[in-house]
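Asks: turn this into a structure:
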Amino acid sequence: MTEITVVNDRGASGNAGNAIVDIEFGSVTEFKKRMMDMKQKLNFMEVFFKEVMVKDEDFGTIPGTGKPTLYKPGAEKLLELYGFAALIKSREEEKNYDDGYYRAILTVQLVHRATGTIIGEGVGECSSYESKYRYRWVYENKIPNHIAKEDLLFEEKDEWKNNVKTGNTYKMFRIPNDDLFSQWNTVLKMAHKRALTGVTLQCTRSSGIFMQEEAEMDEYAGVPEEDRKKARGAQGRVASANNGRAIGASAGGQSSGSATQKNRVLAIMKKQGLDWNRLAEEATFALGHEVKKVITDIKTEDEWRKVAEHLEMFADVNGSLDDIPEELRGS
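Replies: All right, here's what the predicted structure looks like:
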């Protein structure tokens with residue numbers, strides 16, 4: 001236990017503070033030992049990131065945030081490294097069968113596998129009233145007749161063909177999602193994901209790593225300086241080419257989609273039995289701009305990832321609460 005010793009109580013003498021305190025941290029030898037231990041752990045984490053963690057799969061930058069974020073697969077790798085098991089301690093749900101409102105609060109507990117010691121807890125919350133679940137974006141001709149177009153939020157999109165603006169524009173309108181019940185499974189899984197990644201960052205002391213700038217994360221993850229320069233140059237060129245492009249179209253750091261993310265999309269496509277036209281339609285909704293030919297119109301790593309996540313969400317919402325894996329079920 002930390003010891004606090006009052007050295008001199010100056011009372012209300014007008015000086016800054018009422019007392020000088022001496023905080024006893026232990027001996028200098030113990031302090032040095034802890035400091036060396038921290039350095040060794042940081043060095044090991046650097047090796048771990050270089051050899052195990054995969055950018056844009058285990059961690060990456062979510063558009064609009066500018067800071068690297070830990071993804072669920074990366075959190076699971078960190079838990080495996082530390083020997084922690086993630087358990088659902090509790091699950092609270094609020095349901096309204098009249099309007100489809102659903103709210104889930106999950107508490108995830110980390111336990112050390114070898115000893116059974118409880119390491120920490122994290123809470124994740126999500127509801128069907130969050131904008132990405134409560135609303136959906138549609139073309140003008142898809143607006144239901146009972147909804148007044150004039151009352152809707154919309155975004156102007158530039159039309160692109162062969163990566164060149166045509167000068168034409170079109171509108172995407174935000175309408176209420178008329179089937180919030182289909183989002184319940186996704187909302188539950190998102191609450192679990194938020195709790196899991198949050199408690200993982202806390203208990204593995206990784207929050208500081210994911211507060212760094214993207215360039216610093218590249219360096220930490222062992223991306224060569226030459227490749228980082230090429231990526232920054234590519235980002236500049238793509239950003240310039242996409243000036244004025246529709247919201248949601250990413251100016252990623254690569255000139256073509258990652259084979260990993262592209263294969264992920266194609267695997268989901270096959271699993272869901274989608275044809276190319278349907279895939280193009282789903283990609284259009286995911287990216288916020290028209291996609292006619294999937295292979296040529298989806299160009300960046302981030303765009304492929306966004307399409308994959310959209311398709312996975314599409315798969316989730318076609319499930320039911322009965323399909324929730326056992327590890328997501330509360331006690």
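
Asks: separation between Arg91 and Ala104?
Replies: Counting by Cβ to Cβ, to the nearest Å, the gap from Arg91 to Ala104 is 7 Å. Just so you know, the C-beta spots here come from the backbone N, C-alpha and C atoms, and that holds for glycine as well.

Asks: neighbour-wise, which of the two wins?
Replies: With neighbours defined as other Cβ atoms under 10 Å, Arg91 and Ala104 compare such that Ala104 has more, 24 against 18.

Asks: that one belongs to a strand?
Replies: Yes: using DSSP: H, G, I helix; E, B strand; the rest coil, the assignment for Ala104 is a strand.

Asks: quick one: residues contacting it.
Replies: 91-94, 125-127, 187-188, 191 (Cβ atoms under 8 Å, 6 or more residues apart in numbering).

Asks: so who does the residue nearest to it when sequence neighbours are not counted touch?
Replies: Nearest residue to Ala104, sequence neighbours excluded (Cβ to Cβ, 6 or more residues apart in numbering): Ala191, at 4.2 Å. When contacts are counted by Cβ under 8 Å, 6+ apart, Ala191 touches 104-106, 124-126.

Asks: just for the stretch 201-331 of the chain, where's the confidence low?
Replies: In the predicted model of the stretch 201-331 of the chain, residues 211-259, 313-331 satisfy pLDDT under 70.

Asks: excluding sequence neighbours, find me the nearest residue to Thr169.
Replies: In space, Thr169 is closest to Glu156, 5.3 Å off (Cβ to Cβ, 6+ apart).

Asks: touching, that neighbour and Glu140? I think so.
Replies: No: between Glu156 and Glu140 there is no contact, the gap being 11.6 Å when judged by Cβ atoms under 8 Å.

Asks: quick check: neighbours shared by the two?
Replies: Common neighbours of Glu156 and Glu140 (Cβ under 8 Å, 6+ apart) are 170-171.

Asks: what secondary structure does Lys171 sit in?
Replies: strand.

Asks: hey, what's the closest residue to it other than its chain neighbours bridged with?
Replies: Take Lys171 and drop its neighbours on the chain: the residue closest to it by Cβ to Cβ, 6+ apart is Phe154, 4.8 Å away. Per DSSP bridges, the residues bridged to Phe154 are Phe173.

Asks: need the contact list for Phe154.
Replies: Here Phe154 is in contact with 171-174 (criterion: Cβ under 8 Å, 6+ apart).

Asks: just the buried ones from those residues?
Replies: Neighbour counting with 16 or more other Cβ atoms under 10 Å marks 172-173 as buried within the contacts of Phe154.

Asks: what bits of the stretch 51-200 of the chain have low per-residue confidence?
Replies: Low-confidence segments of the stretch 51-200 of the chain (pLDDT under 70): 62-67.

Asks: where's Glu57 relative to Asp178, distance?
Replies: Glu57 is 34 Å from Asp178, where distance means Cβ to Cβ.

Asks: tell me which of these two has more neighbours.
Replies: Taking neighbours as other Cβ under 10 Å, Glu57 and Asp178 compare with Glu57 leading, 16 against 11.

Asks: pretty sure the more buried one is touching Thr260, no?
Replies: Yes: between Glu57 and Thr260 there is a contact under Cβ under 8 Å: 6.7 Å.

Asks: show me how to select, in PyMOL, the buried members of the contacts of Ala104.
Replies: Selection of buried members from these for PyMOL, criterion 16+ other Cβ under 10 Å:
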select buried, resi 91+126+127+187+188+191
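
Asks: list just the nearest of the contacts of Ala104 to Thr284.
Replies: Closest approach between these and Thr284, by Cβ to Cβ: Val187, at 23.8 Å.

Asks: where's the residue nearest to Ala104, which helix or strand?
Replies: Ala191 belongs to helix 184-203 when assigned by DSSP states H and E.

Asks: may I see the buried residues of that helix?
Replies: 184-201, 203.

Asks: how about stretch 112-126: buried residues?
Replies: By neighbour count on 16+ other Cβ under 10 Å, the buried set for stretch 112-126 is 119, 121-124, 126.

Asks: scan this structure for its longest helix.
Replies: helix 28-51 (DSSP state H).
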